[in-house]
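In: Need the 3D shape of this:
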Amino acid sequence: MELYNYIKSLHLIFVITWFAGLFYIVRLFVYQIEANEKPSPEREILLAQYKIMTYRLWFIITWPSAVLATIFALWLLHLMPEWIKMPWMQVKLGFVVLLLAYHLKCHQIYSQLQNDHFKYSSNFMRLWNEGATIILFSVVFLVILKNAFNWIYGVIGIILFSVLIMLGFKFYKRIREKK
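Out: Okay, the predicted model is just below:
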């Protein structure tokens, strides 16, 4: 049981750093996209700096954290194989698959921006950044509440939370457009 607590602690630490990396990388995408709209030479200076920052964040923090969080999660499942049969764990693993898809899409966006391919707007990236927030909230509530979790209220709560995020996004966008 002592080994379990060490592995769980390491898993949580790397989940936290993984999410921190995901939150910040998308924010850097916003800055990089907006820098591309600046006049020269400011554009070139900012883009070069953001490329360095995103590279370091992505490959020194975010990817290693994702890999280590996954390794420690698999180790935990090896120590507690009965968890796989529990409904809350199956739903959690569904959210983990969504998180991995989100991470891979961020990697694709990262690669595009590193090659000066600006496919998305800064507003889209601001909205995209909320995807990780929704996944984080869902997983934390699911893991903490486990079987006591009322699925109907949980689904309604996640939908309401998502709607609030979208309303906040639209409100913030209006404020930015007025300035």
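In: Going by C-alpha atoms from here, please, whenever you check contacts or count neighbours.
Out: Will do.
In: dump the residue contacts of the residue sitting nearest the centre point of the chain.
Out: Computing the C-alpha centroid of the chain and ranking residues by C-alpha atoms, centre = their mean puts Ala132 first, at 3.4 Å. Ala132 makes contact with 19, 22-23, 99, 102 under the criterion C-alpha atoms under 8 Å, 6 or more residues apart in numbering.
In: for the least confident helix or strand in the chain by mean pLDDT, packing partners?
Out: In the chain, no helix or strand scores lower on mean pLDDT, DSSP states H and E than helix 151-178, which sits at a mean of 80. In terms of contacts (3 or more C-alpha pairs under 8 Å, 6 or more residues apart in numbering; DSSP states H and E), helix 151-178 is packed against helix 122-145.
In: which stretches of the protein aren't confidently modelled?
Out: 147-152, 155 (pLDDT under 70).
In: hey, which helix is longest across it?
Out: helix 2-35 (DSSP state H).
In: counting contacts, what elements does it pack onto?
Out: helix 42-56, helix 63-79, helix 87-114, helix 122-145.
In: Same list, those, but as TSV with distance to Ile159 please.
Out: Shown next, in TSV, are the helices and strands packed on helix 2-35 (distance: least, C-alpha to C-alpha, whole Å):
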stretch	distance to Ile159
helix 42-56	31
helix 63-79	26
helix 87-114	15
helix 122-145	9
